[in-house]
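Visitor: Dropping the sequence and predicted coords here.
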Amino acid sequence: MKSGGILLLSATLLSAHVKWEAATESAPWSACRAATVLRDTLWVVDSAAWFSTDGASWVPRGGPPWWPRTGFALEVFENKVWVMGGRDTSGYRNDVWNSPDFVNWTQMTGSAQWSGRAWHRSVAFNGRIWVLGGHDGSNALNDVWWSSDGASWTLSGLAPWFPRYRHAAVALGGAIWVFGGRSTSGSRPRDVWFSSDGVSWTQASGSAPWAQRDGHAAAALAGLMWVMGGEGDSGLLNDVWYGQGTPDTAEWSPRTEHSGFVFRDKLWVLGGSGEGGHKRDVWFTGGLGVAEGAGSPSDRTRVFGVCPSVIRTSAEIHLSTGLTEAALDICDMAGNVVKTLAGCVVSRYRGRVAWDGRDERGQTVPPGVYVVRVRSTGGTQVAKVVKLQ
């Protein structure tokens, strides 16, 4: 919405710790191979499909006809759940299935134009479903494919990011984002890439602040990209990063190949593999760490808006605060601070701070989504701005 010509953006007051609560620590399914949300219901795929409306109580449905397999991509597109590829006893698959209810399944193709693969990633974006990278049994991949019907697939091209699998992909800010994963040689990149069309890719960061990892979960919430857990060079992880360059440690145990997504405006983490084998627990964020009691409303800095919210040159950040000083940073979506607006001293009531679209070196930042982060004793608040070419 607009007020006085200012486009107001949603912003979330985040405390230092994002608290996670367990919906259950012993779900009835034996392993969560993949999970998603379809029609306001949680779904887990095991040898059967299980559903829940609260994450605590689960009800089984029949087993899918394409089972068993592992490393498949699961995505919701056009009010249906889609399963693409994966590995089974016959090898690496390139079939595509969909279902409106996890019971009635339709095979859209038994042999898509992309090669058989596992541990690839998929997103729904711009009215299409996308397949990105993966592993074909011999090598990691960096091809990008899309389809509007799941039957016929078009190659967007080979992405400039090096071939990878067990990576993460999310749709956020009018772009597809790809980050992390594992290469054919086993190395783990810390790069972050985005594309608005699946053809032209821009590297947002070559060295994200989080440790190297693969098999991590990722989601987009509150205008931020969240990275959760995975497997790094030092072992399994349970850290959480949310686009501000500040790590957090979750209450759930370290794990990899778990599912992470947004359900009813909260982050959820389900299953995965960790110490002791397959995890059967379900966790969610309790209020997304909103800082209750962290200063009175008069002590909290608020972001009223960024005008304009899509820029080519400069933006004006509109603030209100009960303090005489607040720290304001511009961060990229990988969490790196690209510009600190020094001397951000705002009035006790309202202030305006300009950003000229440049970094600390005075160079114009590349196109992408950037996070406006304002910190005060009352907590941290964020908004986003999109920088065009």
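Guide: That came through, no problem.

Visitor: Could you list the domains of the protein?
Guide: Per the record, the chain has its domains at 17-289, 297-387, by automatic domain parsing.

Visitor: comparing these, which gets the lowest mean pLDDT score?
Guide: Lowest mean pLDDT of these: domain 297-387, a mean of 71.

Visitor: Next, count neighbours for the residue lying closest to Trp268 once chain neighbours are set aside.
Guide: Once flanking residues are discounted, Trp268 sits nearest to Phe284: 4.8 Å by C-beta to C-beta, 6 or more residues apart in numbering. (C-beta placed from N, C-alpha, C; glycine too.) Neighbourhood size, Phe284 [other C-beta atoms under 10 Å]: 22.

Visitor: in the sheet, who's paired with Phe284?
Guide: Per DSSP bridges, the residues bridged to Phe284 are Glu21, Trp268.

Visitor: Tell me who's in contact with it.
Guide: By C-beta atoms under 8 Å, 6 or more residues apart in numbering, the contact set of Phe284 is Trp20, Glu21, Ala23, Gly55, Phe263, Lys266, Leu267, Trp268, Val269.

Visitor: mind redoing it with 10 Å?
Guide: Counting by C-beta atoms under 10 Å, 6 or more residues apart in numbering, Phe284 touches 19-23, 42, 54-55, 262-264, 266-270.

Visitor: Can you tell me which of the residues you listed are buried?
Guide: The neighbour-count criterion (16 or more other C-beta atoms under 10 Å) marks Trp20, Ala23, Leu42, Gly55, Val262, Phe263, Lys266, Leu267, Trp268, Val269, Leu270 among the contacts of Phe284 as buried.

Visitor: TSV for these, including distance to Thr109?
Guide: Output for these, formatted as TSV (distance: C-beta to C-beta, whole Å):
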residue	distance to Thr109
Trp20	39
Ala23	36
Leu42	28
Gly55	33
Val262	29
Phe263	30
Lys266	35
Leu267	33
Trp268	31
Val269	32
Leu270	28
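
Visitor: right, and the pair among the residues you listed with maximum separation?
Guide: Trp20 and Leu42 (15.9 Å; C-beta to C-beta).

Visitor: which residues does the residue nearest the centre of the chain contact?
Guide: In the chain, the residue lying closest to the centroid (C-alpha atoms, centre = their mean) is Ala219, at 2.5 Å. Going by C-beta under 10 Å, 6+ apart, Ala219 touches 168, 170, 172, 225-228, 242, 259-263, 267-269.

Visitor: Going by distance to Arg182, which of the residues you listed wins?
Guide: Nearest to Arg182 among the contacts of Ala219 is Ala168, at 11.6 Å by C-beta to C-beta.

Visitor: That closest one and Gly215 touch, don't they?
Guide: Yes. Ala168 is within contact range of Gly215, at 9.1 Å (criterion: C-beta atoms under 10 Å).

Visitor: can you list residues touching both of these two?
Guide: Shared contacts of Ala168 and Gly215, defined by C-beta under 10 Å, 6+ apart, comprise Gly180, Gly181, Gly230.

Visitor: For the last one, which residues are in contact?
Guide: Contacts of Gly230 were listed using C-beta under 10 Å, 6+ apart, and they are 166-168, 180-181, 188, 210-218, 236-239, 254-258, 260, 272.

Visitor: Which members of the residues you listed are positioned in strands?
Guide: The strands, defined by DSSP state E, take in Ala168, Ala217, Ala218, Leu236, Leu237, Asn238, Asp239, Gly260 from the contacts of Gly230.

Visitor: In these, which residue is surrounded by the most others?
Guide: Ranked by neighbour count (other C-beta under 10 Å), those have Ala168 at the top, with 26 neighbours.

Visitor: Please report the distance of it from Ser314.
Guide: 32 Å (C-beta to C-beta, to the nearest Å).

Visitor: Look up the closest residue to Met108, ignoring the ones flanking it.
Guide: Gly150 (3.9 Å).

Visitor: That neighbour contacts Trp82, doesn't it?
Guide: Yes. If you go by C-beta under 10 Å, Gly150 and Trp82 touch, sitting 6.2 Å apart.

Visitor: so what's in contact with those two at the same time?
Guide: Counting by C-beta under 10 Å, 6+ apart, the common neighbours of Gly150 and Trp82 are Val96, Trp97, Asn98, Met108, Ile129.

Visitor: what two of the residues you listed are the furthest from one another?
Guide: Farthest pair in those (C-beta to C-beta) is Trp97 and Ile129. Separation: 12.2 Å.

Visitor: shared neighbours, those two?
Guide: Lys80, Trp82, Met84, Gly150.

Visitor: quick one: which of these sit in strands?
Guide: Per DSSP E, the shared contacts of Trp97 and Ile129 map to strands at Lys80, Trp82, Met84.

Visitor: For the second one, list each beta-bridge partner.
Guide: So the one you mean is Trp82. Here Trp82, judged by DSSP bridges, has bridge partners Glu75, Asn98.

Visitor: For it, which residues are in contact?
Guide: 36, 72-76, 96-99, 108, 122, 124, 129, 147, 150.

Visitor: hang on, the earlier thing: now the ones in strands among the contacts of Gly230 in JSON lines, please, with extra columns for distance to Gly198.
Guide: What follows is those, written out as JSON lines (distance: C-beta to C-beta, whole Å):
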{"residue": "Ala168", "distance to Gly198": "16"}
{"residue": "Ala217", "distance to Gly198": "22"}
{"residue": "Ala218", "distance to Gly198": "18"}
{"residue": "Leu236", "distance to Gly198": "32"}
{"residue": "Leu237", "distance to Gly198": "29"}
{"residue": "Asn238", "distance to Gly198": "32"}
{"residue": "Asp239", "distance to Gly198": "29"}
{"residue": "Gly260", "distance to Gly198": "23"}
